[in-house]
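# Predicted model and sequence below, questions to follow.
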Amino acid sequence: MDDSLKSLGSKLIVLRGTPQNIFELLLKSYKFQNLFFEKDTEPYSQIRDLEIQKLCQIYDINMEKFLGHTLYDPEEIQKQNKGICPSSYGKFISIIEKMPKISECERDPKINELRTFPNIENLLEKVVGYKGNYDIPIIDELIDKEGHKIFEKPTHKLQGGEKKGLEILFRYLSDKKKTSLFEKPKTSPAAFNPASTTELSPYLKFGCVSIKKFYFELTKVLNECKGKVSQPPVSLLGQLFWREFFYTNSFLRKNFHQMKNNSSCKDINWHLNDSIENLNKNFSLDNEENQALQNFFAWKEGRTGYPWIDALMIQLKQEGWIHHLGRHSVACFLTRGDLYINWERGLEVFEELLLDADYALNAGNWLWLSGSSVFFSAYFRIYSPVTFGKKYDPDGNYIRKYIPVLKDFPKSFIYEPWKAPIDIQKKLKCVIGIDYPNRIVIHEVFSLNFK
DNA sequence: CCTAATGTTGACAGC
DNA sequence: CGCTGTCAACATTAG
């Protein structure tokens, strides 16, 4: 971004501190006229922006918000729907079909249209100790509570920035057939190098690639297609609208990320309703709750004994990204499918490990997959930890990549290694229960009990 | 070449 | 954006 700005005669300035403190220091020391920013809907951002707004009022500064992180303004959607938040995807689509067309992207700025404020760096040096270099946290600074480094090196093959993001977008869209016939359920959660979807989610989450840009480049390709084109909810455009749908719901429904005081969430008596930190401190957990805690860590660390689930959790940990349907698999397993653990625990793990972790989409999908959402009731649609992956990857190549200890298992046992005869396990130097864990839960039995 | 057994596929209901 | 069992239709193959 800095390179792009420099080529236009400007530059990027990064300051470290809380926005409230930094802005207060700045506004106190200089009479700025305007503050422009993007509308941001998650609770953290709403509180932050409200405080900055108060500062602007105190220092008499004009403040303007622009819609940019979503295609539609959730408040406009609500107005169009008689003040009600649309609770189903179909309803949402019918509303946006009646909305005015999305306005075109602004053109890119030309050279010298973006001016740098004169002497801004001197001012910043005096007021907030700015030293002219970037002040972005680097990997070495990311440490855990005991002071140990969390990462030695970047974990994901993707690189940040708009330039890289647009490269990926245009490469994907250049395959017009793949783009226009995209159907989410037909893309494979077991695909790697390359993945079966665009992998643009981290770029959208961090605003590297604008959703509007994505939308207009995509519709340009779709309009050129003469033959049949896939439709929402499964089409690529449909995926962008899922994002809008969850953003709208997360903004209009309070406490969207939790079970309590969330009008869109059913109250279910899960295991592990308390935070993991509190549960770890509590030594008097009864047997059932203690077992659930053990199960939770086995799930998080990819040692449930189900290769399909474990491979997904290992890819998540190693790369910070898994395919959407893989997320369905592990989320169903943790909650209504097998372990019956509170979906908030899963949301927290995704928040920690996903590069694209996004307040609205994370909460919306956990509500959905755990069967908690009042607007989704197909609780009997259980993902099998054995057959779901097999459908996409019968040879188990995905499992072989992420769980090397299983890589030589014949394909007949790769999804269910506990079924391999013991002499085969010994020959492959991978005895189940020793070299790879036994199943922590018998899926068939749980499903039966659930009925 | 026919026949019967066996395998494959897709639609569908019920959970 | 589920799984399983059932059934019918059709394909394949052994004898």
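Noted; the coordinates are in hand.

# Just the pLDDT for residue A:72.
In this model, residue A:72 is scored at 97, pLDDT.

# Helix or strand: which one has the closest residue to it other than its chain neighbours?
Sequence neighbours aside, residue A:244 is the residue nearest to residue A:72 in space, at 5.4 Å (criterion: Cβ to Cβ, 6 or more residues apart in numbering). To be clear about C-beta, it is placed using only N, CA and C from the backbone, and glycine gets the same treatment. Under the criterion of DSSP states H and E, residue A:244 resides in helix A:236-252.

# which helices and strands does that helix pack with?
Packing partners of helix A:236-252 (3 or more Cβ pairs under 8 Å, 6 or more residues apart in numbering; DSSP states H and E): helix A:74-80, helix A:89-98, helix A:211-224, helix A:359-369.

# among these, which is nearest DNA strand C?
Taking Cβ to the nearest atom of the strand, helix A:89-98 is the member of the helices and strands packed on helix A:236-252 nearest to DNA strand C, at 8.1 Å.

# List every C-alpha atom in the closest one, with coordinates, as PDB.
Extracted in PDB, the C-alpha atoms of helix A:89-98 (Å, rounded to 0.1, in the frame of the first residue of the first chain):
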ATOM      1  CA  TYR A  89     -31.000 -15.700   2.900                       C
ATOM      2  CA  GLY A  90     -33.900 -15.900   0.400                       C
ATOM      3  CA  LYS A  91     -35.600 -12.900   2.100                       C
ATOM      4  CA  PHE A  92     -32.300 -11.000   2.000                       C
ATOM      5  CA  ILE A  93     -31.900 -11.600  -1.700                       C
ATOM      6  CA  SER A  94     -35.400 -10.500  -2.400                       C
ATOM      7  CA  ILE A  95     -34.700  -7.200  -0.600                       C
ATOM      8  CA  ILE A  96     -31.400  -6.400  -2.400                       C
ATOM      9  CA  GLU A  97     -33.100  -7.100  -5.700                       C
ATOM     10  CA  LYS A  98     -35.300  -4.100  -5.000                       C
END
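
# Buried residues, the next helix or strand after it. List them.
Downstream of helix A:89-98, the next assigned helix or strand under DSSP H and E is helix A:120-128. Neighbour-count burial for helix A:120-128, with 16 or more other Cβ atoms under 10 Å as criterion, is recorded at A:124, A:127, A:128.

# Output the below-cut-off pLDDT ranges for the stretch 251-400 of chain A.
Under the criterion pLDDT under 70, the flagged ranges of the stretch 251-400 of chain A are A:377.

# Please report the distance of residue A:171 from residue A:161.
In this view, residue A:171 and residue A:161 are 15 Å apart by Cβ to Cβ, to the nearest Å.

# I meant to write residue A:281 there.
From residue A:281 over to residue A:161 the distance is 42 Å, taken as Cβ to Cβ.

# repeat for residue A:304
For residue A:304 relative to residue A:161 (Cβ to Cβ), the value is 36 Å.

# Residues of the stretch 201-350 of chain A that sit close to DNA strand C?
With Cβ under 7 Å from any atom of the strand as the criterion, the stretch 201-350 of chain A comes near DNA strand C at residues A:233, A:234, A:238, A:239, A:242, A:324, A:325, A:328.

# The third one reaches residue A:231, doesn't it?
Yes. With contacts defined as Cβ atoms under 8 Å, residue A:238 counts as touching residue A:231 at a distance of 6.9 Å.

# Tell me which of the two has more neighbours.
Comparing residue A:238 with residue A:231 by other Cβ atoms under 10 Å, the one with more neighbours is residue A:238, at 19 against 11.

# so what's the residue nearest to residue A:203 when sequence neighbours are not counted up against?
Nearest residue to residue A:203 in three dimensions, chain neighbours excluded: residue A:165, at 3.6 Å (Cβ to Cβ, 6+ apart). By Cβ atoms under 8 Å, 6 or more residues apart in numbering, the residues touching residue A:165 are A:200, A:203, A:208, A:209.

# Farthest-apart pair in those, please.
Across the contacts of residue A:165, no pair lies farther apart than A:200 and A:208, at 9.0 Å, counting by Cβ to Cβ.

# what's around residue A:193, how many residues?
For residue A:193, the tally of surrounding residues (other Cβ under 10 Å) stands at 6.

# check contacts around whichever residue of the stretch 101-250 of chain A sits closest to DNA strand C.
With Cβ to the nearest atom of the strand as the measure, residue A:185 is the residue of the stretch 101-250 of chain A nearest to DNA strand C, at 3.7 Å. By Cβ under 8 Å, 6+ apart, the contact set of residue A:185 is A:234, A:325.

# Mind doing that once more with 10 Å?
Residues near residue A:185 by Cβ atoms under 10 Å, 6 or more residues apart in numbering: A:233, A:234, A:324, A:325.

# What of residue A:268?
Shown in contact with residue A:268 (Cβ under 10 Å, 6+ apart): A:259, A:335, A:336, A:340, A:342, A:343, A:370, A:371, A:372.

# Find the nearest non-adjacent residue to residue A:301, please.
Spatial nearest neighbour of residue A:301, chain neighbours left out: residue A:313 (7.1 Å); criterion: Cβ to Cβ, 6+ apart.

# I'd like to know how many residues surround the one you found.
Residue A:313, neighbours per other Cβ under 10 Å, totals 26.

# again with residue A:104
For residue A:104, using other Cβ under 10 Å, the count is 8.

# so what's it scoring on pLDDT?
89.

# Wait, it touches residue A:220, no?
No. At 11.3 Å, residue A:104 does not count as touching residue A:220 under the criterion of Cβ atoms under 10 Å.

# Buried ones only from the contacts of residue A:165, please, as a PyMOL command.
Buried residues among the contacts of residue A:165 (16+ other Cβ under 10 Å), as a PyMOL selection:
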select buried, chain A and resi 200+203+208+209
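
# okay, the contacts of residue A:165 in CSV with secondary structure next?
What follows is the contacts of residue A:165, written out as CSV (DSSP: H, G, I helix; E, B strand; the rest coil):
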residue, secondary structure
A:200, coil
A:203, helix
A:208, coil
A:209, coil
